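Undergrad: fold the stuff below for me.
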Amino acid sequence: MSNIRLFFSATLLTDITGKLDKSQSHYLSKVMRIKENEVFSLFNRNGEWEAKILRISKNIVEFKITKQLRQKENIKELWLAFSPIKSNYQNFMIQKATELGITKFLPIIFDRTVVRKINKERLEKIIIEASEQSNRINVPIIEDAQDLSSFLKTNSINLIFTDLNSNNNKIDKSKLTDNPVCIIIGPEGDFSETEREEILNFKGVQPIKINENILRSETAVISAISIVNYVIN
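TA: Numbers count the residues shown, from 1 in each chain. Sure, this is the predicted structure:
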C-alpha cells in the first residue's frame, strides 16, 4: 500500500470513480511518479479509502475507490484562538498545531495585534498538507478573524488562558466539561489589562503559566497544545 495520502473533499465510497484536480494530478504523476494501476489513499472527514489509478489522461488522474481503510474518527475538540503573526512564523505555527491535533483555528484581533489580516486560503492549504502528512482524517477548519468580545460571546468552551501573570501551572481536569477545549494565545505584545480581565471573567476559564520565560507566539502554541494534550488524552 502506498503511503501517499491526499485530501478529497467530495464524496468517497467504495467502487465510485472520480478525477483529481490539476494540482493533485501533477503531484501524483510528476512528483511522486505514480503509474496506472498503482494505488494511493484519499481521505476526508468521513474516513479514508484506497484508490487505484485507472488512467492519466491530459495530465489528469482518474481513479477508482477499491476499499475503505479507516472509518470516520470520533475525536476530542481542541481549538486554538490565536493572534495573527508574521506569515513565516504563522505558517509554521499552523502546521505544527495541525500535527498536534487542533480541530479548529480561531484568529483573534487583539488590542496589540500587529498583523491584522490573514490569508485564509493559504492557511487552509497548509492545514490540508499537514493533515495529509500527519495521517489525520479530520482536517481542521479555520474561521474568519474576529475580535475578542465576539469570540467570547459566541462560544461555549473550556478556555485555557495562557497567562504569563498567573501563578498556576496545572490544568484541573475535573473542571473540564464536555464542551470543546480552547487554548487562547495572545499577541507578541501580550494581552492588554482590559483583555485579561475580560478573559478571566469568562465562565469556564482556567489561567495557566506555561513557562517562566517569555515565549514567541509559535513556541507558546506548541508548548500549550502539548500540555493540554497530556491532560485530556
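Undergrad: buried sites along the strand or helix carrying Leu69?
TA: Using DSSP states H and E, Leu69 sits in strand 60-71. For strand 60-71, burial by neighbour count (16 or more other C-beta atoms under 10 Å) applies to 61, 63, 65, 69. From N, CA and C alone the C-beta is placed, and that goes for glycine too.
Undergrad: cool, and stretch 28-47?
TA: 28-29, 34, 39-44, 46-47.
Undergrad: now distance to Ile137 too, for those residues, in JSON lines please.
TA: Output for the buried residues of stretch 28-47, formatted as JSON lines (distance: C-beta to C-beta, whole Å):
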{"residue": "Leu28", "distance to Ile137": "20"}
{"residue": "Ser29", "distance to Ile137": "24"}
{"residue": "Ile34", "distance to Ile137": "21"}
{"residue": "Val39", "distance to Ile137": "18"}
{"residue": "Phe40", "distance to Ile137": "15"}
{"residue": "Ser41", "distance to Ile137": "10"}
{"residue": "Leu42", "distance to Ile137": "11"}
{"residue": "Phe43", "distance to Ile137": "5"}
{"residue": "Asn44", "distance to Ile137": "7"}
{"residue": "Asn46", "distance to Ile137": "8"}
{"residue": "Gly47", "distance to Ile137": "6"}
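Undergrad: with pLDDT, secondary structure and distance to Leu80 added, can I get these in a markdown table?
TA: Below are the buried residues of stretch 28-47 laid out as a markdown table (pLDDT from 0 to 100; DSSP: H, G, I helix; E, B strand; the rest coil; distance: C-beta to C-beta, whole Å):
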| residue | pLDDT | secondary structure | distance to Leu80 |
| --- | --- | --- | --- |
| Leu28 | 95 | helix | 31 |
| Ser29 | 93 | helix | 35 |
| Ile34 | 92 | coil | 34 |
| Val39 | 96 | strand | 34 |
| Phe40 | 96 | strand | 30 |
| Ser41 | 96 | strand | 27 |
| Leu42 | 97 | strand | 27 |
| Phe43 | 96 | strand | 22 |
| Asn44 | 94 | strand | 21 |
| Asn46 | 91 | coil | 24 |
| Gly47 | 95 | strand | 25 |
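Undergrad: report the two of the residues you listed separated the most.
TA: Greatest spacing in the buried residues of stretch 28-47, by C-beta to C-beta: Ser29 and Asn46 (25.9 Å).
Undergrad: hang on, Glu218 packs against Pro84?
TA: No. Here Glu218 lies out of contact with Pro84, judged by C-beta atoms under 8 Å, at a distance of 11.8 Å.
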